[in-house]
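S.K.: take a look and give me a structure for this.
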Amino acid sequence: MSAPRDRPVSVLGLGAMGRALAGALLAAGHPTTVWNRSPGPAVALAEAGADVAGSAAEATAAGELVVVCLLDDDVTRRVLEQAAPGLAGRTVVNLTNGTPEQARRLARWLVAQGARPVDGGIMAVPSMIGEPGAFVLYSGAQDAFLDWRDVLASFGDAHWLGTDPGQAAVHDLALLAAMYGMFGGFLHATAMIRAAGGPAGGFAPMATGWLTAMLGELPALAAAVDSGEHDADGSSLRMQAASFGNLLTASRDMGVDGGLMRPIRDLLDEAVARGHGDDGLSALVGLLRGGLVRPA
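M.R.: Here you go, the predicted structure:
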């Protein structure tokens, strides 16, 4: 069931992301009440048509859907506890970044208050909210998600991950891990180029082309992880461990700290030591999970 535009929505938290969420709701024509611990961020939203609540409890009472986007789990719990008497019958969508277990604990608490909990992970920066390319991960109370899916689509594509409230956080943090791994590698690479006297701007297109090509390998890696068949395809862990040392040696010689890269070298060396030198990169997932053992 889709949510009519006249059903009221409240947004708790008006940091950069909270303001973007509230702005997207207003732009889509949804009656929106906003609240923030300090009133300043609400001024522009009020001018755009939002109602400004004087407390979290007042904001919660005003909205059938309550969207929460605060600093962290502790702040979220404190704010929602202040509004607890008015949570019954509300759908609470928590878009605060947190861990899977934090999401599950909050969901249990919200159910005890009579609310329908949905946890979410925003895969966008504030300027992307409501624009093509933005998407948000959701998990928790499926009936609540389906009830409000059309409104949540104001933020970006809505991806449902199941009834376990922790799934949105798992996928959110996993995607961030992939992103930071990519950025970390690029930053180390750029430090090497700069140490050699080259411009970062000139190197970036080359890195973009190379990384884009390598992204095409991800489906095959995923399939190997799921099947347990870790074909090296001409690039074994033993070969990669042997050559990876050159990256660290060259970095050291150039005065570039190897802190971002050393854990990868250590992982490769351990995999080889455990007898998986002939396997491909996909075998490292088992080691990361503590399950990679030396073959008999």
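
S.K.: report the contact partners of the residue nearest the centre of the chain.
M.R.: The centroid of the chain falls nearest to Asp172 when counting by CA atoms, centre = their mean (2.8 Å). Shown in contact with Asp172 (CB atoms under 8 Å, 6 or more residues apart in numbering): Asn97, Gly121, Ile122, Met123, Leu137. Backbone N, C-alpha and C define where each C-beta goes, glycine included.

S.K.: which residues touch the nearest residue in space to Ala16 that is not next to it in sequence?
M.R.: Leaving aside its sequence neighbours, Ala16 sits nearest to Pro126 (CB to CB, 6 or more residues apart in numbering; 4.5 Å). Applying CB under 8 Å, 6+ apart to Pro126 gives the contacts Ala16, Met17, Arg19, Ala20.

S.K.: just the buried subset of these, written out for ChimeraX, thanks.
M.R.: Selection of buried members from these for ChimeraX, criterion 16 or more other CB atoms under 10 Å:
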select :17,19,20
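
S.K.: average pLDDT for the lengthiest strand in the chain?
M.R.: Within the chain, and with DSSP state E defining each element, the longest strand by residue count is strand 116-123. Strand 116-123 carries an average pLDDT of 98.

S.K.: break this structure into its domains for me.
M.R.: The chain resolves into domains spanning 9-162, 171-288 when parsed by automatic domain parsing.

S.K.: most tightly packed of those?
M.R.: domain 9-162 (a mean of 20; mean count of other CB atoms under 10 Å).

S.K.: ok now that domain, how far from the chain's centre?
M.R.: 16 Å (CA atoms, centre = their mean, to the nearest Å).

S.K.: run a quick check on Leu45 versus Ala20, I expect a contact.
M.R.: No: using CB atoms under 8 Å, Leu45 is not in contact with Ala20, being 10.4 Å away.

S.K.: hmm, back to that, Pro117: which of the contacts of Pro126 is nearest?
M.R.: Met17 (19.4 Å; CB to CB).

S.K.: packing partners for the one helix or strand the closest one maps to?
M.R.: Per DSSP states H and E, Met17 falls inside helix 16-27. Judged by 3 or more CB pairs under 8 Å, 6 or more residues apart in numbering; DSSP states H and E, the packing partners of helix 16-27 are strand 9-12, strand 32-35, helix 42-47.

S.K.: and the second one, what's its mean pLDDT?
M.R.: It stands for strand 32-35. On average, strand 32-35 scores 98.

S.K.: list the neighbouring strands of that strand plus their orientation.
M.R.: strand 9-12 (parallel), strand 51-52 (parallel) (DSSP bridges).

S.K.: tell me where the model's unsure across the stretch 151-296 of the chain.
M.R.: 291-296 (pLDDT under 70).
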